[in-house]
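Engineer: Have a look; sequence and predicted model below, questions after that.
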Amino acid sequence: MIWLVLALGVLLTGLTGIPVGVGLGLTGLTILHFFAGGSSSLAVITIWNTFNDFLLSAIPMFIFMGEILLASGVSKKLYEAASPLFRRVPGGLLHTNIAVCTIFGAVSGASTSTAAAVGAVAYPELKQRGYDRAVVVGTLAAGGTLGLLIPPSLALLIYGATQGVSIGKLFLAGILPGLLLAASFMVVILVMALRNPEISPREAVRTPFLRIVTGLLRIWPIAILIFAVLGTIYLGIATPTEAASLGVVSSIVIGFTWGNLTLRKLLHAFRDATIVFGTLGVVLVGALILSQAISILGVPTHVMAGIGALDVSPYTVFALVVIVYLVLGCFFDGISLMLMTLPVVFPVLTGLGFDPIWLGVMITLMIEIGMLTPPVGLNLFVLVAVTRGEVNLGRAAFATLPFWLVMTGAIVLFTLFPGIVTILPQIL
Amino acid sequence: MSRFVLILAALIGGLMSVIVFAAVTMRYVFLSPLRFTDELIGLLFSAGVFLAIPYLFASDRNIRVSLLTDRLSGTAAGVVKFVSNIGIICFFLLLGVLSFDFASFSYMIGAESDVARIPVAPWMALMPFSCFLTAFIVLLKTSFEPFGIAVGRDEHGASEDTAL
Amino acid sequence: ADTEWKMHLVWVPTRQEVVSANKFVERVNARTGDKFKITAYTGGSLGVKDSDMLRILPPGNVIQITMLYTGYVARDAPDLAFALPEGVLSSAEDVVKALPVLDDIYEEGFQSWGVKYLGTLISPDKSINIYCKDEVNTLEELRTKKLRVWSKALLDSFAKIGVSGTIIPQNDMYIALQTGVVDCATYYPGAANTLSLQEVAPNWAFLSHYAVPIPLVVSQKAWDALPADVQAVMTEEADKLVKELADNFLAGNYEVAEGKKFDAKGGKQLEPFPEADQAAFTAAAIEVWEENATQLGGKLEANRKRLADVLGN
Ligand code: NA
Ligand code: NA
């Protein structure tokens, strides 16, 4: 019955063109009221809690940073210097999305802030250069997930801390799969660009090598920004949220001194950024209400416990767990899904003989996939908001499909060859 | 009205960055950490998001699935739009009532943030405020727009920002 | 079963709090047969937070029973949250002396929220240790380090003895230690093992006695709807478990075992902080307790005096 309400709610949200946040929220309120003992007051409680979480506040600040860099012309200079490098590569600057997400993922623990930070800078520039908007969004949404697998990773951290598994080893185990995924994403871009050259325009003029180097040298002030965000996290001077604020402040400084930022442009940048994260806020409100409604009924726990009680082979159990994660991933954001399911999934699967470290990486991968699947896909939401709706949710989801397939393929690959995950923690 | 609230939201966002920046500076330059940053940032974040909501609905900037609605025209589109607006009004009225209860209960018991002991009820009260304002704006739009009267449109058009 | 209850637990199954809760649930379920059944949801899997429990529990419509560490409800009920702050105990036996008074305070405090108090389940953790990258076991050395603490009471207490602390949530602690945002952390042995703290802060030393009294509470409304015999079974089982856990706490075997496990994985136990340092910390914690109780007002000051009387400070 709950599944029927859920399906109906999602269907109506799609058909009536009601804002996604409102549609999900109404569905959630209905479930809370009629199936959870009239507990619709939980809706407000869960919104309040999540919005008061310090972690979430990195997202608006990274969006501020992106808007300021855009308004001051700094990001334009950056991409002008970088684009000759990719002249000959099919897919061009799309590859930088993956590369920058990988680097960003190596210092940030979260998927959504990676997508927000890189997306807010990259999207407007790539759009202006004539790249296919939906494809840009697809690469950024997929790239963002690397933030969760490549250490440090909030998901691996919580997995380790709650299940008593070595966090150091989990981090090591995430490296190879993360890099492998990044490489596969680039291959996907390559293949897509070869099959459909229109998605990425080729630079007409050939730039001499020396000019490329001097061009890159001229953008040295960017190094200050990179240090402010990445360096401070790496050196332990700042947490990711704090680094986001350092990014805002240094992009203002660089914008005024090196770019052409004015007070008026700065104010507009702040206003635009507020619209972007407000849009994101509306979707989050709805998504939070819906996931609270499903979790208060204990649905994830019951489903996973049901699988654990089946008398089938270990790999069948694992396959069922994967399927359930992919389905639940449509309705929950990653970390809360992990917290909800681990108490059941961990003892069942490790009891069947699966390696705890390997399992941590696999579950992280599965909840990452959920970040890309509608109706509740946080990375999609962030990027649709960053594009100001120029790419709608449906198109964004469709554009991430190739990456979704690669990630699902990765689950199969890492199950067949668990060594890819476990070798680093074993030898180091 | 919603524009004014949006500017307030933007200011709050700017303030967030400044406070976190100040906190890092205090800790590393003056070795005396600001102790209440996290709580204040959380409160500012929720305030910023909620205050931005009325403007988003006034200017029709929302994440929607428009696969079907894009293909409709005339009366059909009008009907779907009407249904969707009724949904929005119901949702924000419901959420407004629920969050009003939440905030007034907090006010009654004098709830304060854990560490800094900042009274939380006024911050919570921004939720019902924004919800009711949004419901009111959408109600005006639903009542007047079919007769060709524009309500709360962004006068400069949606792409003004990116033209900078 | 005729009546089914949901129990919310924030802790994951590896934690001792869940072990205690499960004992209670199993015993009650076994004795009440088809009449009554409690299902425990661990790891916060119902999607609710402890900080909201005083709003969610009373109506009894979604969650009927929980174990609630009162420190989490500081926003709504400071008199419950700060009744017995960290660091004020001079010995492990002190907490057993304080229990009868705590029972009174909790019973009265929860009642005003429409919540019935069944008893306090004490976790086997009984010390606050300092975990560091370097070998640190004196206050003098600790003053040169950045220290992670988990509450404002600890922050203020350390400030009084010249140690600069930062409140960092448990989830961010590992990275904070790894990257050097902090050099040391206050923590306790069982949890240190789960968090793999030996990888980032292997050296540890005892600083202060500690007790985590966790009230077992139920929605009064849901309780009133139960048959009298089920109520009786729950009261009996709660009382029985309270005693078992207090004895277990005093025996202290759990902490010794956890400490050994930690060292076997690469940790290193140092000599405890000098007695004078321990005393200085306790004195500071008591001072902070007095200041806060006066400042926050309400029932806190009267309650503090009652506890201070039995603790003898
Ligand atoms: Na990462
Ligand atoms: Na999803």
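Structural biologist: Received, thanks. Ligands and ions are numbered 1, 2, ... in the order given.

Engineer: Could you pull up the residues touching the residue in chain B positioned nearest to chain A?
Structural biologist: In chain B, the residue that lies nearest chain A is B:Ala52 (2.7 Å; C-beta to the nearest C-beta). Just so you know, the C-beta spots here come from the backbone N, C-alpha and C atoms, and that holds for glycine as well. By C-beta atoms under 8 Å, 6 or more residues apart in numbering or on different chains, B:Ala52 lies in contact with A:274-275, A:277-278, A:281, B:5-6, B:9.

Engineer: Please apply the same query to A:Ile233.
Structural biologist: Here A:Ile233 is in contact with A:107-108, A:239-240, A:243, C:179 (C-beta under 8 Å, 6+ apart).

Engineer: export these to CSV and tack on pLDDT?
Structural biologist: Below are the contacts of A:Ile233 laid out as CSV (pLDDT from 0 to 100):
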residue, pLDDT
A:Val107, 70
A:Ser108, 71
A:Thr239, 71
A:Pro240, 68
A:Ala243, 81
C:Thr179, 79
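
Engineer: what about burial for those residues, which qualify?
Structural biologist: A:107-108, A:239-240, A:243, C:179 (16 or more other C-beta atoms under 10 Å in any protein chain shown).

Engineer: Secondary structure and distance to ligand 2 for those - can I get that in TSV?
Structural biologist: Below are these laid out as TSV (DSSP: H, G, I helix; E, B strand; the rest coil; distance: C-beta to the ion, whole Å):
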residue	secondary structure	distance to ligand 2
A:Val107	coil	25
A:Ser108	coil	20
A:Thr239	coil	26
A:Pro240	helix	22
A:Ala243	helix	27
C:Thr179	helix	30
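
Engineer: Among these, give me the pair with the biggest separation.
Structural biologist: Across the buried ones among the contacts of A:Ile233, the longest distance by C-beta to C-beta is 12.3 Å; it joins A:Ser108 and C:Thr179.

Engineer: check whether stretch A:48-58 contacts ligand 1.
Structural biologist: No. Judged by C-beta under 5 Å from the ion, stretch A:48-58 and ligand 1 are separated, with a smallest distance of 12.8 Å.

Engineer: buried ones in the longest helix belonging to chain C?
Structural biologist: Longest helix in chain C by number of residues (criterion: DSSP state H): helix C:228-251. By neighbour count with 16+ other C-beta under 10 Å, helix C:228-251 contains the buried residues C:230, C:233-234, C:237-238, C:241-242, C:245-246, C:248-249.

Engineer: go on, stretch A:130-150?
Structural biologist: For stretch A:130-150, burial by neighbour count (16+ other C-beta under 10 Å) applies to A:131-150.

Engineer: I'd assumed A:Leu70 was in contact with A:Ala269.
Structural biologist: Yes. In this structure, A:Ala269 is within contact of A:Leu70 by C-beta atoms under 8 Å, at 7.2 Å.

Engineer: Looking at the stretch 201-313 of chain C, which residue is nearest ligand 2?
Structural biologist: C:Ser219 (33.4 Å; C-beta to the ion).

Engineer: Skipping adjacent residues, who's closest to that residue in space?
Structural biologist: In space, and not counting its chain neighbours, C:Ser219 is closest to C:Gly60: 3.4 Å by C-beta to C-beta, 6 or more residues apart in numbering or on different chains.

Engineer: For the stretch 151-300 of chain C, just list every one of the helices.
Structural biologist: C:152-160, C:170-179, C:189-194, C:220-224, C:228-251, C:253-264, C:275-296, C:300-311 (DSSP state H, counting those that start in this stretch).

Engineer: Identify whichever of those helices lies nearest to chain B.
Structural biologist: Nearest to chain B among the helices of the stretch 151-300 of chain C is helix C:152-160; the distance by C-beta to the nearest C-beta comes to 4.6 Å.

Engineer: Give me the residue ranges of chain A where confidence is low.
Structural biologist: A:54-55, A:203-205, A:240 (pLDDT under 70).

Engineer: Let me know how buried C:Ser91 is, in neighbour terms.
Structural biologist: The tally of other residues near C:Ser91 (other C-beta atoms under 10 Å in any protein chain shown) stands at 12.

Engineer: In terms of pLDDT, where does it sit?
Structural biologist: According to the prediction, C:Ser91 has pLDDT 87.

Engineer: Kindly report the residues of the stretch 51-200 of chain C close to chain A.
Structural biologist: For the stretch 51-200 of chain C, the residues in contact with chain A (C-beta under 8 Å from any C-beta of the partner chain) are C:51-52, C:55-56, C:59, C:61-62, C:170-172, C:174-176, C:178-181, C:193-196, C:199-200.

Engineer: Only the buried subset of the residues you listed, as a ChimeraX command please.
Structural biologist: Selection of buried members from those for ChimeraX, criterion 16+ other C-beta under 10 Å:
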select /C:51,52,55,56,59,61,62,170,171,172,174,175,176,178,179,181,193,194,195,196,199,200
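
Engineer: which among the residues of the stretch 51-200 of chain C next to chain A are in contact with chain B?
Structural biologist: Applying C-beta under 8 Å from any C-beta to these, those adjacent to chain B are C:51, C:55.

Engineer: Nearest residue to the middle of chain C?
Structural biologist: C:Val212 (3.0 Å; C-alpha atoms, centre = their mean).

Engineer: unless I'm mixing things up, that residue is touching C:Tyr69, no?
Structural biologist: Yes. Assessed by C-beta under 8 Å, C:Val212 is found in contact with C:Tyr69 at 6.7 Å.

Engineer: Please list all residues in contact with the residue of the stretch 51-200 of chain C at minimum distance from ligand 2.
Structural biologist: Closest residue of the stretch 51-200 of chain C to ligand 2, C-beta to the ion: C:Asn171 (22.0 Å). For C:Asn171, the residues meeting the contact criterion (C-beta under 8 Å, 6+ apart) are A:154, A:157-158, A:161.

Engineer: Tell me how far it lies from A:Leu190.
Structural biologist: C:Asn171 sits 38 Å away from A:Leu190, taking C-beta to C-beta, to the nearest Å as the criterion.

Engineer: Assign a three-state SS to C:Lys37, would you?
Structural biologist: strand (DSSP: H, G, I helix; E, B strand; the rest coil).

Engineer: Now do the residue nearest to it when sequence neighbours are not counted, the pLDDT please.
Structural biologist: Nearest non-adjacent residue to C:Lys37, counting by C-beta to C-beta, 6+ apart: C:Ala1, 3.7 Å away. We note a pLDDT of 81 for C:Ala1 in this prediction.

Engineer: pretty sure C:Ala1 is touching C:Ile38, no?
Structural biologist: No. Applying C-beta under 8 Å, one finds C:Ala1 not in contact with C:Ile38, separated by 9.2 Å.

Engineer: Can you pick out the residue with more neighbours from these two?
Structural biologist: Taking other C-beta under 10 Å, C:Ala1 and C:Ile38 do not tie; C:Ile38 has more neighbours (21 against 13).

Engineer: So in terms of bridging, what pairs with that one?
Structural biologist: Beta-bridge pairing of C:Ile38 under DSSP bridges involves C:Trp5.

Engineer: Find me the pLDDT at it, would you?
Structural biologist: We have a pLDDT of 97 for C:Ile38.

Engineer: Okay, buried residues for stretch B:125-135 please.
Structural biologist: Result for stretch B:125-135 [16+ other C-beta under 10 Å]: buried residues B:125-135.

Engineer: Among these, which lie within strands?
Structural biologist: In strands, judged by DSSP state E, none of the buried residues of stretch B:125-135 are found.
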